[in-house]
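S.K.: make a model of this:
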Amino acid sequence: MRALLTGSPDVSGVLLVDTAGVPVRSVHRSRFLLSMSGRYGHALYADRPAAKLGDPPRTVGIDATAWEVLDVVAVGGRDRTSDDVAVVDAYGRCVGVVRLADLVRALAESRVEEAAGLNPLTRLPGSDAITGEVDRRIVSGRAFVLSWLDVDHFKQVNDGAGFAAGDELIRAVGRVLQQAATDGTRVGHIGGDDFLVLAEPEGLDPLAASVLDVPWSAGGRPVTLSLATVLCAPGSVTDHRQAAACLAPLKKAAKALHGASWVVGRAGVPGHETRRGAEPTPTPAPAPARCGAAEPGGG
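M.R.: I've put the predicted structure just below:
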């Protein structure tokens, strides 16, 4: 072990596993070499198993996110914050090791990419972040709801109240959505007055109420919002494109209603439920023109 660590400066540590491949000890490079180089280190440990200078391994599941790995690293003593983390499968067998330096570098890069994708008006992520999360939930077999929200007649709002009032309205809607979002909810601003909301099925009603149960205005002019939601049960859609296709007719149905509106449908099931909004009043057909009576003797 000593020869390996002294001769390989790029090796940050060694993970020891049992015959089944389950991690049993984690040997950290710096702590191991420090122990061996002490005044009596070589005499004490030269003939002893390397595991004696190891620590209990830190492990995460194969589907763990980068932030979950950091949570594991953060638990414990400060002297172990640089330890590598073993990735294990469902049976506890090691399938790889995450180096902390690589993890921090990847997280920094992802933060830069995420910041580049934020909408400059609301600082909310764009469609790529939301659709990527939709695909992850589909793969994991989780039920979810995908919602689209926009301002009714937004062009008229901008034309009548001015673009500054329109921008402030969009920022306000984004803030309310963020404040109402619970764990498992992602809010995105995909441009203009369009928002995407991905949530757990049980988390949708409070969020809908937060934007539909309050009066909105821009430059003193009353404004209403339209919300369309598709519930995607496990196996009902194959990717975010199919989920978006199921949402499209619901958007059209919501926009056809008067006032603040909300329609809900299920992926793969025809029809929808109207939870908010009034059906438009049909315009009466004009009365048919009456033909005048023929004049006597007319040709």
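S.K.: so what's the closest residue to A66 other than its chain neighbours up against?
M.R.: Among residues not flanking A66 along the chain, L107 sits closest, at 5.4 Å (C-beta to C-beta, 6 or more residues apart in numbering). In short, each C-beta sits where N, CA and C put it, glycine included. By C-beta atoms under 8 Å, 6 or more residues apart in numbering, L107 lies in contact with 66-67, 70.
S.K.: the closest residue to L212 other than its chain neighbours in helix, strand or coil?
M.R.: Spatially, and ignoring its direct neighbours in sequence, L212 is nearest to A260 (4.9 Å; C-beta to C-beta, 6+ apart). Secondary structure, DSSP: H, G, I helix; E, B strand; the rest coil: A260 is strand.
S.K.: A260 - how many residues pack around it?
M.R.: Here the count is done by other C-beta atoms under 10 Å, and A260 has 22 residues near it.
S.K.: how near is it to E279?
M.R.: Using C-beta to C-beta, to the nearest Å, we find A260 at a distance of 14 Å from E279.
S.K.: which of the contacts of L107 ranks first by neighbour count?
M.R.: L70 (16 neighbours).
S.K.: now do the same contact list for it.
M.R.: Listed by C-beta under 8 Å, 6+ apart, the contact partners of L70 are 103, 107.
S.K.: host element of it?
M.R.: For L70, the element it lies in under DSSP states H and E is helix 66-74.
S.K.: for that helix, C-alpha coordinates in CSV please.
M.R.: Presented in CSV, the C-alpha positions along helix 66-74 are these (Å, rounded to 0.1, in the frame of the first residue of the first chain):
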residue,chain,number,x,y,z
ALA,A,66,-23.9,15.2,-7.2
TRP,A,67,-25.5,17.2,-4.3
GLU,A,68,-26.4,13.9,-2.5
VAL,A,69,-22.7,12.9,-2.7
LEU,A,70,-21.7,16.3,-1.2
ASP,A,71,-24.2,15.7,1.6
VAL,A,72,-22.4,12.4,2.4
VAL,A,73,-19.0,14.2,2.4
ALA,A,74,-20.3,16.9,4.7
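S.K.: and that helix, what's its mean pLDDT?
M.R.: Averaged across helix 66-74, pLDDT comes to 74.
S.K.: which other helices and strands contact the helix or strand following it?
M.R.: Using DSSP H and E, the helix or strand that follows helix 66-74 in sequence is strand 85-88. Using 3 or more C-beta pairs under 8 Å, 6 or more residues apart in numbering; DSSP states H and E, the elements in contact with strand 85-88 are strand 23-28, strand 59-61, helix 66-74, strand 94-98.
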